[in-house]
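> Got a predicted structure here, sequence first:
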Amino acid sequence: MTAAARHPRRKLIFVPAGFAAALTLIPIVYVAIRSLGADSYAWERLFSERTLELLVNSLGLAGAVAVAAIAISLPYAWLVTSTDMPGRRFFEITGPLPLVVPSYVGAAIMIDAFGPRGLLQEFVESPLGIERIPSIYGFFGAFATLTLFTYPYVLLLTVAAFKRVDPAMEETARGLGLSPVRAFVRTTLPQLRPALIAGGLLCALYAISDFGVVSLMRFDTFTRSIYNLYRSFYDPGGAALLASVLIILTGMLLAIEYRLRVDPRKLAVRSVRANVQARAAIGRWRYAGLGFCLTIFSLSVVTPVLVLGYWIATGPQAEWFDASTISAIVGSVSASGYAAIAATALALPVAIVALRHSGRAARAIELITTSGFALPGVVVALGLVFFATRFAGPLYQSLTLLVVAYVIRFIPQAIEGARAGLERADVNLEEAARGLGANRLRVFRRVTLPLATPGVAAGAMLVFLTAMKELPATLILKPTGFETLATRIWEASNTASYSQAAVPALILIAISAVALAAGSAKRIDSGRPRPRD
């Protein structure tokens, strides 16, 4: 007899956990229903050359961003963790900073800085006589922008992986006569492969689900076409069919990652002695490495700050901080705060089910709820509109529905934080407290929750951070008259009114930076860093 069978009350935890899974299923069920009910014209368009073009564009962009992010992060992580490059500590600390810049803000900055008639054009036109620089719009602009502002997903995982790898293996290979490059490829690189694959997958999923960058860069992908079909042409059937293809693509990427996943038991563990291992002396290459890290830092951190400062300096001072900006701040903080609280409340039972229960039901709940991160915001929003208009009319055009969208999208981050915290709570401590007469609720409140709090708080902070930046779901679901910093930035950027976007963008970046720092600190406290978040 299982523990759950001996204690029937333990099964009650499946009720809130199952509710979280049911929420996540809403967009998927919507896509299936709408697709089956689409008219013949929508089905003909699905099998047209246009869909094939969107498929090639989406997959090509996702693959290119993932490969480029790995190409940046692998040498960057090696330089800051394993060499004597000057400034390595600074670059390790600032490596995650591009994550606080929303990708659509990055796109607007790239357009104004490097686009035709942009700041770079003005700088080179008079002294060099260059009347027009190449256009940044299209694939290259979307690729460059997404790479610069998503590579930290790979970097954080790779830095952590480097710190776990025992350098003694590479030293042994060198002692057997292998060159430094061959020794690295044969011994260290296989140990880094799980981190590189996981980080590359995150970048690919981000690129496939992105809406703001591809829209501003005028590059057609599934997300842009789905949004236009729904908003401009009101073709929910056609939008659902394209969304079904997008869901299949994300599922395929997750399946590929699962097949390539390495069993952690096969990876070497860094020894205590390795922690004091001397860094590799790379001689004159130290300065080449410094130049590489400085270039990445300048493009992804310095350039956005300078361009935003330029927008503020050249824009009307009356637009710096007005009542609408305050309203947008309140809207962003309130919606994201509610989402963080709700996601954390639902993530705790899901994490408990995943860690303390076995069986198909527990596994299904875990898989369904963690799939939300792979669902693009536009698909989640369309599913909730369908649900609200048919079954929950009062929720339509309400803040509650927007918060639910954030929860569906970002509850995987809260679950990962809760798992990290709960793994610190030894089951033996709980059983000992139960043996002393405490009921389960009191054990959870007095023993389990205090130990799990750092991880849970980290997950909540990360939900808050990502919800602040969410764009397509916010555009579709926000109540009439309700504004967030993301929507204000988007409206101004979409009309090239960059000075109006500057202050909201800086405020959003500042709030996101605080949330990122708090989340990072809590992850360290939790004893199980989760850079994937």
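Received, thanks.
> Mind listing what's buried along the host helix or strand of residue 207?
For residue 207, the host element (DSSP states H and E) is helix 189-209. The neighbour-count check on helix 189-209 (16 or more other Cβ atoms under 10 Å) flags 191-192, 194-209 as buried. Every C-beta, even on glycine, is put in place using the N, C-alpha and C of the backbone.
> roughly how far out does stretch 56-69 sit from the chain middle?
On the basis of Cα atoms, centre = their mean, to the nearest Å, stretch 56-69 sits 16 Å off its chain's mean C-alpha point.
> List the contacts of it.
The list of residues contacting stretch 56-69 from outside it, by Cβ atoms under 8 Å, 6 or more residues apart in numbering, reads 139, 142-143, 146-147, 150-151, 153-154, 199-201, 203-208, 214, 219-222, 246, 249, 253.
> Not counting sequence-adjacent ones, nearest residue to residue 361?
Distances taken as Cβ to Cβ, 6 or more residues apart in numbering put residue 14 closest to residue 361, at 6.7 Å, once the chain neighbours are dropped.
> what about that neighbour, neighbour count?
For residue 14, the neighbour count with other Cβ atoms under 10 Å is 19.
> same check, this time on residue 480
Look at residue 480: counted by other Cβ under 10 Å, it has 5 neighbours.
> per-residue confidence at it?
pLDDT, residue 480: 87.
> ok, residue 36 to residue 244 distance?
10 Å (Cβ to Cβ, to the nearest Å).
> Quick check on these two: which one has the bigger neighbour count.
Neighbour tally, residue 36 and residue 244, criterion other Cβ under 10 Å: the higher count belongs to residue 244, 19 against 11.
> Okay, the more buried one and residue 409: tell me how far apart.
Residue 244 is 18 Å from residue 409, by Cβ to Cβ.
> residues of whatever helix or strand residue 407 lives in that come out buried?
Here residue 407, judged by DSSP H and E, is contained in helix 399-422. In terms of neighbour count (16+ other Cβ under 10 Å), helix 399-422 has its buried residues at 399-422.
> quick one, what contacts the nearest residue to residue 375 once chain neighbours are set aside?
In space, and not counting its chain neighbours, residue 375 is closest to residue 27: 5.6 Å by Cβ to Cβ, 6+ apart. Residues near residue 27 by Cβ under 8 Å, 6+ apart: 375, 379-380, 382-384, 408.
> doesn't residue 27 fall inside a helix?
Yes: assessed by DSSP: H, G, I helix; E, B strand; the rest coil, residue 27 belongs to a helix.
> I'd like the numbering to begin with 6 instead of 1 from here.
New numbering, starting at 6: the last item is residue 32.
> That one and residue 373: what is the separation?
Separation of residue 32 from residue 373 (Cβ to Cβ): 11 Å.
> go on, residue 120?
According to Cβ to Cβ, residue 120 and residue 373 sit 42 Å apart.
> report the angle between the axes of the helix holding residue 212 and helix 404-427?
Here helix 194-214 runs at an angle of 170 degrees relative to helix 404-427 (axes from the mean of the first three to the mean of the last three Cα atoms, to 10 degrees).
> quick check: mean pLDDT across stretch 113-120?
Averaged across stretch 113-120, pLDDT comes to 86.
> Same check on stretch 297-309?
92.
> Give me the distance from it to the chain's centre.
20 Å.
> Give me the residues contacting that stretch.
With Cβ under 8 Å, 6+ apart, stretch 297-309 has contacts from 77, 80-81, 84-85, 90, 92, 96, 99, 102-103, 106, 110-111, 114, 118, 153-154, 156, 514.
> Which of those residues are buried, as a ChimeraX select command?
Command for ChimeraX that selects the buried part of these, burial taken from 16+ other Cβ under 10 Å:
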select :77,81,84,85,90,92,96,99,102,103,106,110,111,114,118,153,154,156,514
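> could you give the angle of the helix or strand harbouring residue 466 to helix 404-427?
Using DSSP H and E, the element containing residue 466 is helix 454-474. Between helix 454-474 and helix 404-427, the angle comes out at 140 degrees (the same axes, to 10 degrees).
> if we look at whichever helix or strand comes after helix 454-474, which residues are touching it?
Beyond helix 454-474 on the C-terminal side, the first helix or strand identified by DSSP H and E is helix 477-482. The contact list for helix 477-482 (Cβ under 8 Å, 6+ apart) reads 216-217, 228, 232, 235-236, 340, 381-383, 385-387, 389-390, 406-407, 410-411, 414, 489, 491-492, 495.
> out of those residues, which are buried?
Neighbour counting by 16+ other Cβ under 10 Å classes 216-217, 228, 232, 235, 340, 381-383, 385-387, 389-390, 406-407, 410-411, 414, 489, 491-492, 495 among those as buried.
> out of those, which are inside helices?
Applying DSSP state H to these, the entries found in helices are 217, 228, 232, 235, 340, 382-383, 385-387, 389-390, 406-407, 410-411, 414, 491-492, 495.
> quick one, domains of this protein?
By the assignment in automatic domain parsing, the chain contains the domains 13-31+320-538, 43-274+293-319.
> Would you reformat these as JSON lines and include distance to residue 37?
JSON lines is the format used below for the domains of the chain (distance: least, Cβ to Cβ, whole Å):
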{"stretch": "domain 13-31+320-538", "distance to residue 37": "10"}
{"stretch": "domain 43-274+293-319", "distance to residue 37": "7"}
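> worst average pLDDT in those?
For the domains of the chain, the weakest mean pLDDT is recorded on domain 13-31+320-538, namely a mean of 79.
> starting at the chain centroid, how far to the helix or strand containing residue 116?
Assessed by DSSP H and E, residue 116 sits inside helix 108-119. Distance of helix 108-119 from the chain centroid (Cα atoms, centre = their mean) equals 19 Å.
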